[in-house]
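Visitor: below are the sequence and a predicted model; questions follow.
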Amino acid sequence: MASEIIQLELRKFVSPEYIFGIDARLMVANYCKQLGGRTVLLVSDAGIAKTPWLKEIENILKSQAINFHVFLNVSPNPRDFEVMEGVEVYLKNQCNLIIALGGGSVMDCAKGIGIVSTNGGTIDMYEGVDKINKPMPPLICIPTTAGTAADLSQFAIINRYNERYKMAIISKATVPDVALIDPFVLTTMDSFLTACTGMDALSHAFEAYVSNASSAFTDLYAIEAVKLIIHNLNASVEYPNNLQLRGKVMLGSLYAGLAFSNASLGCVHSMAHSLGGYLDLPHGECNAIILPHVVDFNYSSATEKYSNLSAAMGCCNKSTKKTDARKQLVNFLIDFRNSVNIKSTLGSNGVKPDIIPTLASKAINDPCNATNPRPPCKLDLECIYKEAI
Ligand SMILES: [Fe+2]
């Protein structure tokens, strides 16, 4: 009998149906019909409207005689009032299905539109965990970035614009019906977006792996995600048209998404949500800056798990002394971030020391802290922000 102990605490795993591979996006009309779509709200944004992908999806829907209305009013870090504008378009046109074509912002906004269109009220009423009573309309996601994994996850992140923070809505009701995950659409992503979204995926995998709610099955996905991202993100930034590289990073994002959707996240994300809402900064860049500092803070509470992550990345082996291993891992993550050209700090992004208490007071209320391996207090978050400034 093997002596290794397995975890027997209760754990669940939720995943939508997903199709991964070149041309997955072209199946959109089939799924629309399968899900009973009569009139579709097609949510995207101005950036995607400049690529070939929006026209292509529109043409597919037209060719199959599926009615649709396009909603493009989505900002990076999607705002609560944009969700409400989308709800108006959805209800006015009597839509009964949503397609989201875009990155995390578009998919989160589409989820917000879906939540309010069936549950009523305003989107801020659904902040927190398990606050949604009625299912959303059917939602098909076609991600155009490799990182956010909103196409798979139980999360929707919406910017409460006047309050200047990003709220987390976490519920099984936000899991899309189908994700069409097509690496081909990544070829129009620029190098900065590729790097930022890749670092977001890496942060998902790291946080899910050390999460208090991790399980044997989320661990499998998280470790594989880390390997795929660490070994392919640099080259993917350098060779944007290489479909093998794009596919590997997208698979890494998919695995990280399945891991974090079920194991949840930690302080990297609670702090990034607060930062992104207050200063309207790219989510992946915030994560890339904060991740090494949170690893440093958490290390002693999840030593074995961090040592497994280090081994998976090839940054040190199990015989490395604990104090050296911690430093090596933190430095490895900083070097990796630099290698994909994310060289900014919080200071260079306009964070001044006097706003740190405000950032920490918003971050400490974020539900992502609940699964961080070392429970933080507000002062801890202030210290981490200071280190990253
Ligand atoms: Fe994220």
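Guide: Cool, got the structure.

Visitor: just the strands in the stretch 151-300 of the chain please.
Guide: Counting by DSSP state E, counting those that start in this stretch, the stretch 151-300 of the chain has strands at residues 155-160, 165-170, 178-181.

Visitor: quick one, the second one and strand 155-160 angle?
Guide: To tie it back to what came earlier, the one meant is strand 165-170. 150 degrees (axes from the mean of the first three to the mean of the last three Cα atoms, to 10 degrees).

Visitor: C-alpha coordinates for strand 165-170, PDB please?
Guide: Presented in PDB, the C-alpha positions along strand 165-170 are these (Å, rounded to 0.1, in the frame of the first residue of the first chain):
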ATOM      1  CA  TYR A 165     -12.700  49.400  -7.100                       C
ATOM      2  CA  LYS A 166     -13.400  46.200  -9.000                       C
ATOM      3  CA  MET A 167     -15.900  43.900  -7.400                       C
ATOM      4  CA  ALA A 168     -15.800  40.200  -7.600                       C
ATOM      5  CA  ILE A 169     -19.000  38.300  -8.400                       C
ATOM      6  CA  ILE A 170     -18.400  34.600  -7.800                       C
END
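
Visitor: residues in contact with that strand: which ones?
Guide: For strand 165-170, contacts defined as Cβ atoms under 8 Å, 6 or more residues apart in numbering pick out 77, 111-112, 115, 123-124, 126-132, 154-160, 264, 273-274, 276-278, 362, 366-368. Quick note: C-beta positions are derived from backbone N, CA and C, even for glycine.

Visitor: what of the first one?
Guide: Counting by Cβ under 8 Å, 6+ apart, strand 155-160 makes contact with 75, 77-80, 83, 104, 108-109, 111-112, 115, 123-124, 127, 150, 165-170, 174, 260-261, 273, 276-277, 280, 283, all of which sit outside it.

Visitor: now the protein, which segments are flagged as low pLDDT?
Guide: Applying pLDDT under 70 to the chain flags residues 1-2, 317-319.

Visitor: Glu238 and Asn349, how far apart?
Guide: Counting by Cβ to Cβ, to the nearest Å, the separation of Glu238 from Asn349 is 25 Å.

Visitor: those two - which one has more neighbours?
Guide: Higher neighbour count among Glu238 and Asn349: Asn349, with 16 against 12, using other Cβ atoms under 10 Å.

Visitor: so of the contacts of strand 155-160, which ones are in helices?
Guide: Judged by DSSP state H, those include 80, 83, 104, 108-109, 111-112, 115, 260-261, 273, 276-277, 283 as members of helices.

Visitor: and the residues you listed, which is closest to Met189?
Guide: Gly104 (12.7 Å; Cβ to Cβ).

Visitor: how much space separates the residue nearest to the closest one when sequence neighbours are not counted from Leu193?
Guide: Nearest non-adjacent residue to Gly104, counting by Cβ to Cβ, 6 or more residues apart in numbering: Thr148, 2.9 Å away. Separation of Thr148 from Leu193 (Cβ to Cβ): 11 Å.

Visitor: which residue is nearest the centroid of this protein?
Guide: Note on the chain: the residue nearest the mean C-alpha position is Thr148, at 2.7 Å, using Cα atoms, centre = their mean.

Visitor: ok, now which ones touch that residue?
Guide: 103-104, 107-108, 197, 200-201, 253, 257, 283.

Visitor: and with 7 Å instead?
Guide: 103-104, 107, 197, 200 (Cβ atoms under 7 Å, 6 or more residues apart in numbering).

Visitor: scan those and report the most crowded one.
Guide: Counting by other Cβ under 10 Å, top hit in these: Met107 with 34 neighbours.

Visitor: identify the residues contacting that residue.
Guide: For Met107, the contacting residues are 100, 141, 143, 148, 150-151, by Cβ under 7 Å, 6+ apart.

Visitor: if we use 10 Å, what do you get?
Guide: By Cβ atoms under 10 Å, 6 or more residues apart in numbering, the contact list for Met107 reads 43, 74, 78, 98, 100-101, 139, 141-145, 148-153, 155-157, 174, 176, 179.

Visitor: can you add distance to Thr188 and mean neighbour count and give the strands of the stretch 151-300 of the chain back as JSON lines?
Guide: Below are the strands of the stretch 151-300 of the chain laid out as JSON lines (distance: least, Cβ to Cβ, whole Å; neighbours: other Cβ atoms under 10 Å):
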{"stretch": "strand 155-160", "distance to Thr188": "23", "mean neighbour count": "26"}
{"stretch": "strand 165-170", "distance to Thr188": "26", "mean neighbour count": "24"}
{"stretch": "strand 178-181", "distance to Thr188": "16", "mean neighbour count": "26"}
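
Visitor: filter the contacts of strand 165-170 to the buried ones?
Guide: Burial by neighbour count, 16 or more other Cβ atoms under 10 Å: within the contacts of strand 165-170 this picks out 77, 111-112, 115, 123, 126-127, 132, 154-160, 264, 273-274, 276-278, 362, 366-368.

Visitor: could you list the buried residues of the longest helix seen in the chain?
Guide: Longest helix in the chain, counting residues (DSSP H): helix 216-238. For helix 216-238, the neighbour count (16+ other Cβ under 10 Å) marks 218-219, 221-234, 236-237 as buried.
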